[in-house]
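Engineer: From the sequence below, what's the structure:
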Amino acid sequence: MSRPPVVITFDVENRESAQIECEYAVVLEAPQVEVITIGGQGPPGRQGIPGPDGGAALQRQAGEVLSALTAVYELNGRVFALDQADSEHIDFMLGVALTAAETGLPLNIQRSGAIDDATWDWSPGPVWLGPAGSLTQIPPVTGFDLLVGTAVSEKRLILNLQEPIELE
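Structural biologist: Predicted coordinates:
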């Protein structure tokens, strides 16, 4: 004796719209039914890594003493200040350090998005990599031209790391 088809309804939360969407399936043979509920919120992410609005941040281990707001590169799992004349490491640009760190300690680094700092005094316009990991609005004339981003106000930089261009 055949059984009638079974219609199964799945209520699925759309994380983008935060609405519940219904999905349907028709099963020709009656399935074994298990009741499943939507799980709760998982544990929070790793603590100490900032989550910039509209940006990407990560945490790495400092390979040397580093100050906050220094442009850094990564090599062998450690980060170091990047100089605009460093031809050996210029292609390893990782981002801008958000925190200071002693050698061997965790360092928060931002790769894209906005960075705000009360000590900055930018003019709106481009920002380049300078000597010893500094950020500058003076275009380099030797070494490499590496555009880091754009200052959109005195205190805000929008990171947009570009490919380095070797200057002659």
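Engineer: What helix or strand is Pro140 located in?
Structural biologist: Element membership of Pro140 [criterion: DSSP states H and E] is none; it lies in no helix or strand.
Engineer: what's the distance between it and Leu161?
Structural biologist: Distance, Pro140 to Leu161, by C-beta to C-beta, to the nearest Å: 15 Å. The way it works is simple: take the backbone N, C-alpha and C, and place the C-beta from them, glycine included.
Engineer: list the buried ones in the longest strand anywhere in the chain?
Structural biologist: When secondary structure is assigned using DSSP state E, the longest strand within the chain turns out to be strand 106-116. The neighbour-count check on strand 106-116 (16 or more other C-beta atoms under 10 Å) flags 107-115 as buried.
Engineer: go on, stretch 67-86?
Structural biologist: Of the residues in stretch 67-86, those scored as buried under the neighbour-count criterion (16+ other C-beta under 10 Å) are 69-74, 78-84, 86.
Engineer: Tell me which strands the longest strand of the chain pairs with, and in which orientation.
Structural biologist: Each strand that pairs with strand 106-116, with its direction, by DSSP bridges: strand 56-62 (antiparallel), strand 93-97 (antiparallel), strand 156-160 (antiparallel).
Engineer: C-alpha coordinates for the helix or strand following it, CSV please?
Structural biologist: Scanning forward in sequence from strand 106-116 by DSSP H and E, the next helix or strand is strand 125-129. The C-alpha trace of strand 125-129 is given here as CSV (Å, rounded to 0.1, in the frame of the first residue of the first chain):
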residue,chain,number,x,y,z
GLY,A,125,43.9,63.8,-0.7
PRO,A,126,46.2,60.9,-1.3
VAL,A,127,48.4,59.3,1.4
TRP,A,128,51.6,57.4,0.6
LEU,A,129,54.0,55.0,2.3
